[in-house]
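Novice: got a predicted model here, sequence first, then my questions.
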Amino acid sequence: MVNYDLLLLVLFYIFLLIIFRIYRKKFEVQWKVFALYKTKIGLKLMDKIAKKFPKTLNFVGYVSIIVGFIGMAVTLIFIIYATYKFLFVPDTPAALAPLLPGVTVSEAWIIAILIVAVIHEFSHGVYARLRNIKIKSSGFAFLGPILAAFVEPDEKQLAKKPTKDQLFVMSAGPFSNIVLGIVVLLILAFVFVPIGSSLTQVNGLIISGVNESLPINNSGLKAGYVLEEVNGVKIDDSNVLSDFVKTQFPGDVVTVKANGSYYNVTLAEHPDNSSIGFFGLAFSGFNVELKEGFKPFSWLYPVFKWLGMLLFWIFNISIGVGLFNLLPLGPVDGGRMFYAAMLNLTKNKKVALKLLSFISFIILAMILINMWPFFVRLFSFIIGLF
């Protein structure tokens, strides 16, 4: 079976490599893994939007500042609470993880990052032009295999502007990400989910594992099979299997249908309730298929699924990037907002910088604490290679 995600990913990177080779001289390569392509593309559009909608953008700018500082406080409280639970509450998982889609990388994930980055940086550019701050350049970049975008405002001009103008520019990026995330969530909830439900039906559960210490290990069922029926009852709903098991006892023999064949399974004792039966199967999810009337259009369904996955990643990355950028941490937007606000309050650059450095150190320490399990897994993976 063709892995279309992998095929599209390979073709996507071949396309990017061709672009890089053709325009190699126009790229500025840093540290051998970071390639910048500076261009003036988009600057005229930023100017046009800033000049055409000044009143609307001013209103939205004030909203973005308010949302920005509220988001900063909420995100800071969340990471403090999450760190406390991780350190002092047993079996609490870490709340932070790298921005990776599990163990696989898909072209939808990469394109979602690019879309989020473009909107983030473009918003900074629009508000910079709204406040008559020069944009030196814009463009896109490669950080290894990851695509990114950037807008380069004149930092000297920005630093000379009133605090309000600086906050307008700094808060624009995270705010646009949060708005994008909310809009995409609404599209998923009110468009894609209803359409998907009308097109498809559940036809079984996908088995991801079989408990080798239980009688089911002798049934012939294997990981990867689709469990379709149990004692003649079709598994077309999330509650069918769980409701069925509640009526069975340890030692009962039930007939299940998987991958079109029938198997006899002897139930074991449920680990949480010895009076009811237990299969001993692990599932990775439902097997979803097109309804009969839509099967002639089955060639379109992978496109629909891919668009849904793209929107899913845009939502997750937008909200994650937007909130993370609001943390009062060093060079990110939230850190710059915090510094501008402290400078406005204290009128002293050294004091404002010391306050930012102190809170940045605390936040960075909490981030590293929460990412400790990831570092352990990564280290174990690297050791396993040798």
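Specialist: Received, thanks.
Novice: in the stretch 201-350 of the chain, which spans are strands?
Specialist: 226-230, 233-234, 253-258, 261-266, 268-270, 273-278, 281-290 (DSSP state E, counting those that start in this stretch).
Novice: neighbouring strands - and their directions - for the fourth one?
Specialist: Okay, so that is strand 261-266. Its sheet considered, strand 261-266 pairs with strand 253-258 (antiparallel) by DSSP bridges.
Novice: what pLDDT, on average, does the strand it pairs with get?
Specialist: Per-residue pLDDT values across strand 253-258 average out to 92.
Novice: which residues are in contact with that strand?
Specialist: 204, 207, 219, 221, 225-232, 248, 262-267, 277 (C-beta atoms under 8 Å, 6 or more residues apart in numbering). For the C-beta atoms, the positions are set from N, CA and C on the backbone; glycine is no exception.
Novice: okay, and the beta partners of the closest residue in space to T200 that isn't next to it in sequence?
Specialist: Computed as C-beta to C-beta, 6 or more residues apart in numbering, the closest residue to T200 that is not its neighbour in sequence is V288, at 4.9 Å. Legend: beta-bridge partners of V288 under DSSP bridges are V202.
Novice: V288 and N203 touch, don't they?
Specialist: Yes. Using C-beta atoms under 8 Å, V288 makes contact with N203 at a distance of 7.4 Å.
Novice: starting at the chain centroid, how far to the longest helix belonging to the chain?
Specialist: Criterion DSSP state H: the longest helix present in the chain is helix 54-88. Here helix 54-88 is found 18 Å from its chain centre; the criterion is C-alpha atoms, centre = their mean, to the nearest Å.
Novice: and the helix or strand following that helix, which residues are buried?
Specialist: Per DSSP states H and E, helix 54-88 leads on to helix 107-130 as the next helix or strand towards the C-terminus. Going by neighbour count (16 or more other C-beta atoms under 10 Å), the buried part of helix 107-130 is 107-110, 112-113, 115-130.
Novice: which strand residues bridge the closest residue in space to Y225 that isn't next to it in sequence?
Specialist: In space, and not counting its chain neighbours, Y225 is closest to A258: 4.4 Å by C-beta to C-beta, 6+ apart. Beta-bridge partners of A258, counted by DSSP bridges, are L227, S261.
Novice: give me the number of residues near A258?
Specialist: Residues lying near A258 (other C-beta atoms under 10 Å) number 23.
Novice: repeat for K25
Specialist: Residues near K25, counting by other C-beta under 10 Å: 5.
Novice: domain-wise, how is this structure divided?
Specialist: 4-196+305-327, 212-279 (automatic domain parsing).
Novice: please work out which of the strands of the stretch 201-350 of the chain is packed deepest.
Specialist: strand 226-230 (a mean of 20; mean count of other C-beta atoms under 10 Å).
Novice: can you tell me what sits against that one?
Specialist: Here strand 226-230 makes contact (C-beta under 8 Å, 6+ apart) with 203-207, 221, 234-235, 240-241, 244, 254-260, 281, 283, 287.
Novice: and if we set it to 7 Å?
Specialist: If you take C-beta atoms under 7 Å, 6 or more residues apart in numbering as the criterion, strand 226-230 is touched by 203-207, 234-235, 241, 244, 254, 256-259, 287.
Novice: same check on stretch 189-200?
Specialist: Residues from elsewhere that reach stretch 189-200 (C-beta under 7 Å, 6+ apart): V288, E289, L290, K291, F294, G308, L311.
Novice: the last one and L188 touch, don't they?
Specialist: Yes. If you go by C-beta atoms under 7 Å, L311 and L188 touch, sitting 5.5 Å apart.
Novice: who's more crowded, the two?
Specialist: Shown here are L311 and L188; by other C-beta under 10 Å, L311 has more neighbours (19 against 16).
Novice: need the pLDDT of that one.
Specialist: 95.
Novice: what segments of the stretch 151-300 of the chain are helices?
Specialist: For the stretch 151-300 of the chain, the helices defined by DSSP state H, counting those that start in this stretch cover 155-160, 163-187, 193-199, 240-245.
Novice: just the buried positions in the first one, please.
Specialist: In this case it means helix 155-160. For helix 155-160, burial by neighbour count (16+ other C-beta under 10 Å) applies to L158.
Novice: got the contact list for it?
Specialist: I133, K134, Q166, V169.
Novice: just give the nearest non-adjacent residue to the last one, would you?
Specialist: Distance criterion C-beta to C-beta, 6+ apart; nearest residue to V169, sequence neighbours excluded, is Y127 at 4.6 Å.
Novice: what does the third one give?
Specialist: For Q166, ignoring the flanking residues on the chain, the nearest one in space by C-beta to C-beta, 6+ apart is A340 at 4.8 Å.
Novice: burial of the one you found, as a residue count?
Specialist: 23.
Novice: now do the contacts for it.
Specialist: T163, Q166, L167, M170.
Novice: still on that earlier bit, output the contacts of stretch 189-200 as JSON lines; include the columns distance to S197.
Specialist: Shown next, in JSON lines, are those (distance: C-beta to C-beta, whole Å):
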{"residue": "V288", "distance to S197": "10"}
{"residue": "E289", "distance to S197": "13"}
{"residue": "L290", "distance to S197": "12"}
{"residue": "K291", "distance to S197": "10"}
{"residue": "F294", "distance to S197": "12"}
{"residue": "G308", "distance to S197": "12"}
{"residue": "L311", "distance to S197": "16"}
